[in-house]
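>>> What shape does this take:
(chains A and B)
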Amino acid sequence: MENTLVIYNSLTRKKETFTSIHPKHVGLYVCGPTVYGDPHLGHARPAITFDLLFRYLEHLGYKVRYVRNITDVGHLEADADDGEDKIAKKARLEKLEPMEVVQYYSDRYHEFMDALNVKKPSIEPRASGHIIEQLQLVKDILDKGYAYECNGSVYFDVEKYNKEHHYGKLSGRNIDDLLSTTRDLDGQSEKKKSYDFALWKKAAPEHIMRWPSPYSEGFPGWHLECSAMSAKYLGEEFDIHGGGMDLLFPHHECEIAQSTVANGHAPAHYWMHNNMITINGQKMGKSLGNFITLEEFFTGSNDLLEKAYSPMTIRFFILQAQYRSTVDFSNEALQAAEKGFTRLMEGMNNLEKVKPGDNSSFDVAAFKAKCYAALNDDLNSPILIAQLFDGVKQINNMIAGTANLTEEDLTAFKTLMRSMVEDILALKNEAASSAGQNELLGNVIDLMLQLRMDAKKNKDWATADRIRDELQNMGLIIKDTKDGFEWEIK
RNA sequence: GGUCGGUUGGCCGAGUGGCUAGGCAGUGGUCUGCAAAACCAUCUACGGCGGUUCGAAUCCGCCACCGACCUCCA
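Now for the predicted structure:
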C-alpha cells in the first residue's frame, strides 16, 4: 500500500527497491557542471532528472540533503598537450581571472536552472573551496599505500586496488581490457600503468590555478573533488549518487576506488545515470561542438532552431522521455512538446472551473494509483504524463458535462493533479505568469476585448475583426470562448 | 578492437508474453458571423531471419544497422 520507489541501480544493473540508510532521510549527490562554458541542453537533462528525484523524494516525506557540486578546477584539456587546466586556459584567452570566469558561468548556470524551475540543491560546494579536504584524501590514500608520487604528482595505484577490489565494477570493465585501450595522455610516462589516474597534479609553469601541497604546487586530480565533498557533506556512506552516463567511466569508477580506499567501503548505495541528449543521433556535447545553449533555446538564436522554445517547453520535452533513454533533439519534437505542454496547462486552468456533481463517473483512487505507479517505477515521467493527459481528458469532459465527480472526489482529484504537475514535475503556466506581470496592460487588453464583444453583439463585424487583428499584430493570441474570450502574450 | 545499450506507426516517445500508452501531425465531427482556438472521435507500429510457446513486438539465438563509454564531457 505504501509507496515503494524502485530505482535502476547502475551498480547492479537492476531495478531495486529504494531503502534509505537512515529512515526518512536521503543523502543525494549529483555531479554538477564544470563552469567554463555557457549551459547547454545537455546540462538541463541531469538537472531536471535529479530535480524530479529530489522533489519526489521530498513528496514521499523524506528529508533530503541534495548536494550538487560546481567543478571550477582540475579537469585537463582534451586537445591540449600541456595538461593545462581548462578554466585557466579559458581565462588566459579572455584575459580574465580564472575565478572571474567561474563566477560568470556559475551565475549563468544558476540563471538558466532557475528558468527551468530546477530547485536549488541543499548544498552546492565548489571544488576550489575544498582543496584542503582533497589534499587530506590524497594523504590518506598515500598513507594507505594505494598511491605513489612521481615528479610532484600523485597517482592512484589501480593495479594494487584491483587485487582486493574490482576496479571497473560500476562500468562493467576489467583491468586487462583497460590496458589495451587507454590512449596516450600527459603524464603517461610518469604513471606505472596507463590506467592509473591522478590524485594530485603538478602545475606547469604557465598554469594559473595552483595550490601549495607537500608534493608540488599544483591542483587536485580529476575525480577527487566528488569523493571529498560527498564524504564531507553526506558522510562516507550515503544513499544515491547521480550524474550523466558519460561520467560512469572513468569518473565514477575512480570515485568509488578513492572512497573505498579512504573509507574501507564504497560511497553510495545507488548509482543513477541519466542518458544523453542527441542531435541527429549523436551526443550533444562540448567536445563535439554540436551543442545548443539554453540561452539560444530561449531566444531562438541558433541556426538549428526554427523558433524560440520556452524553458517550460524544454523541461516538458525532457520529462517526456524516461531519464535512462536518449532524447533526440529536433524542431518537430520540440514543437510537439510545446503544444502538448500547452494542452496540459490549459487542462490545469480548466480544472479550476470544474464544478462538483452528484456522483463520480471515474475512479480517482485508481487514477492516483496509476500516477504513483509511474513515478515509483524508476521515475517513469512519460507514463506519468500520459496519465495526466487522461486526467486532462476527464477535466474537459467534466466541463462539457459528460463526466463528473462528487465534491469529495473532485477535491482529491484537484489535489492530485496539482501535486503531480506543479510540485513533482514542476511545470508551471508561463502564459499566466507573464500576463500577471503587468496588471495595467492586462486591464487595457481586457477592455479592448470587451469592446470587441460588444461589437460582436451588435454584429459590427468590421470593428470586431479590426480589434482582433490589430491586437494579434501586436503579438497577442486572441481566443474566443463560449462565453467570452482569452488572450495571452506570445 | 573491448564493454554496454538501442532499433516501435509521418515525428517524438512508453510499455508488455494474449487486454487502447501518451503527445504532435493527419482524418472526421462539434462549436463559431468569419477565422483562430478549444473539445470529441479516429487510422498507420513494433529492424531482419530462425527458435521456444496455444499465442511474441514482448523470451532465446543469429544477422544487420545506430549510438555511448574506453580522453575532458551532463
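>>> domains of chain A?
Partitioning chain A according to automatic domain parsing yields domains covering residues A:20-274, A:278-430, A:438-489.
>>> What pLDDT does the model give A:Ala183?
Heads up, residue A:183 is Arg, not Ala. Confidence at A:Arg183, expressed as pLDDT, is 55.
>>> what do you get for the one 4 residues further on?
We have a pLDDT of 54 for A:Gly187.
>>> which residues touch A:Asn380?
With contact set as C-beta atoms under 8 Å, 6 or more residues apart in numbering, A:Asn380 has these partners: A:322, A:374. Backbone N, C-alpha and C define where each C-beta goes, glycine included.
>>> Check the one 5 residues further on too.
Shown in contact with A:Ile385 (C-beta under 8 Å, 6+ apart): A:316, A:319-320, A:344, A:425.
>>> between those residues, which is closest to A:Asn350?
Taking C-beta to C-beta as the measure, A:Leu344 is the one of the contacts of A:Ile385 closest to A:Asn350, at 10.7 Å.
>>> picking up where we left off before, just the buried ones from the contacts of A:Ile385?
Listed as buried from those are A:316, A:319-320, A:344, A:425; burial here means 16 or more other C-beta atoms under 10 Å.
>>> Would you mind naming what in the stretch 101-250 of chain A lies close to RNA strand B?
For the stretch 101-250 of chain A, the residues in contact with RNA strand B (C-beta under 7 Å from any atom of the strand) are A:171-173, A:177-178, A:180-183, A:185, A:197, A:222, A:243-250.
>>> Just the buried residues of those.
For those, a neighbour count by 16+ other C-beta under 10 Å gives the buried set as A:171, A:173, A:178, A:197, A:222, A:243-245, A:247-248, A:250.
>>> so what's the residue in the stretch 151-300 of chain A positioned nearest to RNA strand B up against?
Nearest residue of the stretch 151-300 of chain A to RNA strand B, counting by C-beta to the nearest atom of the strand: A:Gly244, 1.8 Å away. A:Gly244 makes contact with A:31, A:42, A:45-46, A:273-274, A:276 under the criterion C-beta under 8 Å, 6+ apart.
>>> bridging residues for it?
A:Asn274 (DSSP bridges).
>>> With A:Trp487 instead?
Partner residues in beta bridges with A:Trp487: A:Ile478, with DSSP bridges as the criterion.
>>> give the contact list for it.
A:435, A:445, A:449, A:471, A:476-479.
>>> Name the member of those with the most neighbours.
Neighbours here are counted as other C-beta atoms under 10 Å. On that basis the top member of those is A:Leu449, with 22 neighbours.
>>> could you list every residue that touches it?
A:467, A:471, A:478, A:485, A:487.
>>> Relative to A:Glu97, which of the residues you listed is nearest.
Relative to A:Glu97, the closest of the contacts of A:Leu449 is A:Trp487; by C-beta to C-beta it sits at 48.2 Å.
>>> where's the closest one relative to A:Gln472, distance?
Using C-beta to C-beta, to the nearest Å, A:Trp487 is found at 10 Å from A:Gln472.
>>> shared neighbours, the two?
A:Ile478.
>>> okay, now A:Lys89: neighbour count?
Using other C-beta under 10 Å as the criterion, the residues surrounding A:Lys89 number 19.
>>> Hmm, I typed the wrong one, I wanted A:Lys24.
Other residues within reach of A:Lys24 by the criterion other C-beta under 10 Å amount to 10.
>>> Isn't it up against A:Glu58?
No. Using C-beta atoms under 8 Å, A:Lys24 is not in contact with A:Glu58, being 11.1 Å away.
>>> Quick check: next helix or strand after the worst-scoring helix or strand of chain A on mean pLDDT?
For chain A, the helix or strand with the lowest mean confidence is helix A:430-436, at a mean of 59 (criterion: mean pLDDT, DSSP states H and E). The first helix or strand that comes after helix A:430-436 along the chain, using DSSP states H and E, is helix A:439-457.
>>> May I see the buried residues of stretch A:134-143?
Per 16+ other C-beta under 10 Å, stretch A:134-143 contains these buried residues: A:134-135, A:137-139, A:141-142.
>>> next one: stretch A:367-378
With burial defined by 16+ other C-beta under 10 Å, the residues of stretch A:367-378 counted as buried are A:367-368, A:370-372, A:374-378.
>>> Now distance to RNA strand B too, for those residues, in TSV please.
Converted to TSV, the buried residues of stretch A:367-378 look like this (distance: C-beta to the nearest atom of the strand, whole Å):
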residue	distance to RNA strand B
A:Phe367	11
A:Lys368	15
A:Lys370	9
A:Cys371	13
A:Tyr372	15
A:Ala374	8
A:Leu375	12
A:Asn376	12
A:Asp377	7
A:Asp378	7
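>>> Just put these in CSV and tack on pLDDT.
CSV is the format used below for the buried residues of stretch A:367-378 (pLDDT from 0 to 100):
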residue, pLDDT
A:Phe367, 94
A:Lys368, 94
A:Lys370, 93
A:Cys371, 95
A:Tyr372, 95
A:Ala374, 95
A:Leu375, 96
A:Asn376, 95
A:Asp377, 94
A:Asp378, 95
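>>> among the contacts of A:Gly244, who's most crowded?
A:Asn274 (29 neighbours).
>>> Can you name the residues that contact that one?
The contact partners of A:Asn274, by C-beta under 8 Å, 6+ apart, come to A:45-46, A:49-50, A:242-245, A:323-324.
>>> So which of those residues sit within helices?
Of the positions in the contacts of A:Asn274, A:45-46, A:49-50 sit in helices, assigned by DSSP state H.
>>> And those, which two are furthest apart?
Of all pairs drawn from the ones in helices among the contacts of A:Asn274, the widest gap by C-beta to C-beta lies between A:Arg45 and A:Phe50 and measures 9.5 Å.
>>> hey, where'd the helices end up in the stretch 51-200 of chain A?
Along the stretch 51-200 of chain A, the stretches classed as helices by DSSP state H, counting those that start in this stretch are A:86-94, A:98-115, A:131-143, A:158-164, A:175-181.
>>> by contact count, what packs against the last one?
Under the contact definition 3 or more C-beta pairs under 8 Å, 6 or more residues apart in numbering; DSSP states H and E, helix A:175-181 sits against helix A:158-164.
>>> Kindly spell out which helices and strands sit in contact with the helix it packs on.
Packed on helix A:158-164, when contacts are counted by 3+ C-beta pairs under 8 Å, 6+ apart, are helix A:175-181, helix A:253-263.
>>> 10 Å - rerun?
Taking 3 or more C-beta pairs under 10 Å, 6 or more residues apart in numbering; DSSP states H and E as contact, the helices and strands that helix A:158-164 lies on are strand A:147-150, helix A:175-181, helix A:253-263.
>>> Alpha carbons of the longest one, in PDB - could you do that?
What it means is helix A:253-263. Written as PDB, here are the backbone C-alpha positions of helix A:253-263 (Å, rounded to 0.1, in the frame of the first residue of the first chain):
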ATOM      1  CA  GLU A 253      34.700   4.400 -11.200                       C
ATOM      2  CA  CYS A 254      37.600   6.400  -9.800                       C
ATOM      3  CA  GLU A 255      35.400   8.000  -7.200                       C
ATOM      4  CA  ILE A 256      34.500   4.500  -6.000                       C
ATOM      5  CA  ALA A 257      38.100   3.400  -5.900                       C
ATOM      6  CA  GLN A 258      39.200   6.500  -4.000                       C
ATOM      7  CA  SER A 259      36.400   6.400  -1.500                       C
ATOM      8  CA  THR A 260      36.800   2.700  -1.000                       C
ATOM      9  CA  VAL A 261      40.400   3.100  -0.100                       C
ATOM     10  CA  ALA A 262      39.800   6.000   2.200                       C
ATOM     11  CA  ASN A 263      36.800   4.700   4.000                       C
END
